[in-house]
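Novice: Here is my input, please return the structure:
(one chain, ligands or ions: 1)
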Amino acid sequence: MKYFVLAAILAVVGLLFFGRGRSRKPPPPAGGAPVAPRQGPPAEMLACAHCGVHLPRADALFDAGGQPYCSPEHRVSGPR
Ligand SMILES: [Zn+2]
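Specialist: Below is the predicted model of the structure:
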């Protein structure tokens, strides 16, 4: 029974690891084209109003007052 539990834990960890690896690293596009060619100007960087970490505008979360945040938790916490 002990070994069954151990095997189950290993299976779950393995599935999580495998699933994360697959989702994080999409297969390269066919044709051998370079991944993500740069287009246009670099993304505008904003500083999180709570912790100050910089992040692209596209990844920022904004509160009602227009302040950028790096995460939902910091948006809830508000500016520091
Ligand atoms: Zn933050």
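
Novice: Can you identify each of the strands in the chain by residue range?
Specialist: For the chain, the strands defined by DSSP state E cover 45-47, 54-56, 61-62, 68-69.

Novice: what's the most buried one of those?
Specialist: Greatest average neighbour count among the strands of the chain goes to strand 68-69 (a mean of 22), per mean count of other C-beta atoms under 10 Å. Where C-beta positions appear, they are placed from N, C-alpha and C, glycine not excepted.

Novice: CA atoms of the helix of greatest length in the chain as PDB?
Specialist: Assignment by DSSP state H gives helix 2-24 as the longest helix of the chain. Presented in PDB, the C-alpha positions along helix 2-24 are these (Å, rounded to 0.1, in the frame of the first residue of the first chain):
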ATOM      1  CA  LYS A   2       2.900   2.300   0.800                       C
ATOM      2  CA  TYR A   3       4.300   1.800  -2.600                       C
ATOM      3  CA  PHE A   4       1.000   2.500  -4.300                       C
ATOM      4  CA  VAL A   5       0.800   5.900  -2.600                       C
ATOM      5  CA  LEU A   6       4.400   6.600  -3.600                       C
ATOM      6  CA  ALA A   7       3.700   5.600  -7.200                       C
ATOM      7  CA  ALA A   8       0.500   7.800  -7.300                       C
ATOM      8  CA  ILE A   9       2.400  10.800  -6.000                       C
ATOM      9  CA  LEU A  10       5.200  10.300  -8.600                       C
ATOM     10  CA  ALA A  11       2.500  10.000 -11.300                       C
ATOM     11  CA  VAL A  12       0.800  13.200 -10.300                       C
ATOM     12  CA  VAL A  13       4.200  15.100 -10.100                       C
ATOM     13  CA  GLY A  14       5.200  13.600 -13.400                       C
ATOM     14  CA  LEU A  15       2.000  14.700 -15.100                       C
ATOM     15  CA  LEU A  16       2.200  18.200 -13.700                       C
ATOM     16  CA  PHE A  17       5.800  18.500 -14.900                       C
ATOM     17  CA  PHE A  18       5.000  17.100 -18.300                       C
ATOM     18  CA  GLY A  19       1.900  19.200 -18.700                       C
ATOM     19  CA  ARG A  20       3.700  22.400 -17.700                       C
ATOM     20  CA  GLY A  21       6.700  21.700 -20.000                       C
ATOM     21  CA  ARG A  22       4.300  21.200 -22.900                       C
ATOM     22  CA  SER A  23       2.300  24.300 -22.300                       C
ATOM     23  CA  ARG A  24       5.300  26.500 -21.600                       C
END
